[in-house]
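> coordinates only, no sequence provided:
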């Protein structure tokens with residue numbers, strides 16, 4: 001019975017360790033997630049209409065509050081293939097398109 005309990009405890013510990021390490025996102029994914037959340041918020045606020053001047057200033061402040069990782073930001077701006085995955089590149093292009101749509105719906 002003690003062996004069975006030890007085996008279950010070890011399996012559970014292994015399960016937790018795998019989950020914690022596999023859920024860790026790299027800075028690029030974290031930045032893209034933050035950017036996507038920001039865009040979703042602003043898309044719902046504008047309801048498909050172009051931003052007004054005051055809203056543009058508010059959006060700029062929201063972007064500055066995001067506290068983006070400078071290395072991740074540089075990699076996404078240059079689309080450095082050695083630093084970002086193909087999936088991250090596709091996400092960035094789509095998010096850029098959505099951002100532009102806020103200004104010109």
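Yep, it's here. Computed from a predicted structure; not experimentally measured. Numbers count the residues shown, from 1 in each chain.

> where does this protein dip in pLDDT?
Along the chain, the model assigns pLDDT under 70 to residues 1-24.

> this structure: helices as residue ranges?
Under the criterion DSSP state H, helices of the chain are mapped to 2-22, 27-46, 53-65, 70-78, 86-103.

> what sits closest to the most centrally placed residue in the chain if chain neighbours are left out?
Among the residues of the chain, residue 33 comes closest to the average C-alpha position under Cα atoms, centre = their mean, at 1.5 Å. Ranked by Cβ to Cβ, 6 or more residues apart in numbering and with sequence neighbours excluded, the top spatial neighbour of residue 33 is residue 25, at 7.3 Å. C-beta coordinates here come from the backbone N, C-alpha and C atoms, glycine included.

> surely residue 33 and residue 27 touch.
No: with contact taken as Cβ atoms under 8 Å, residue 33 and residue 27 are classed as non-touching, separated by 10.6 Å.

> phi and psi next, for residue 48.
Per-residue torsions, residue 48: phi 80, psi 0 (degrees, to the nearest 10).

> could you measure from it over to residue 66?
To residue 66, residue 48 is 23 Å away according to Cβ to Cβ, to the nearest Å.

> neighbour count winner among these two?
Neighbour tally, residue 48 and residue 66, criterion other Cβ atoms under 10 Å: the higher count belongs to residue 66, 13 against 9.

> tally of neighbours for the nearest residue to the more buried one once chain neighbours are set aside?
Excluding the flanking residues, the one nearest residue 66 by Cβ to Cβ, 6+ apart is residue 34, at 5.3 Å. For residue 34, the tally of surrounding residues (other Cβ under 10 Å) stands at 16.
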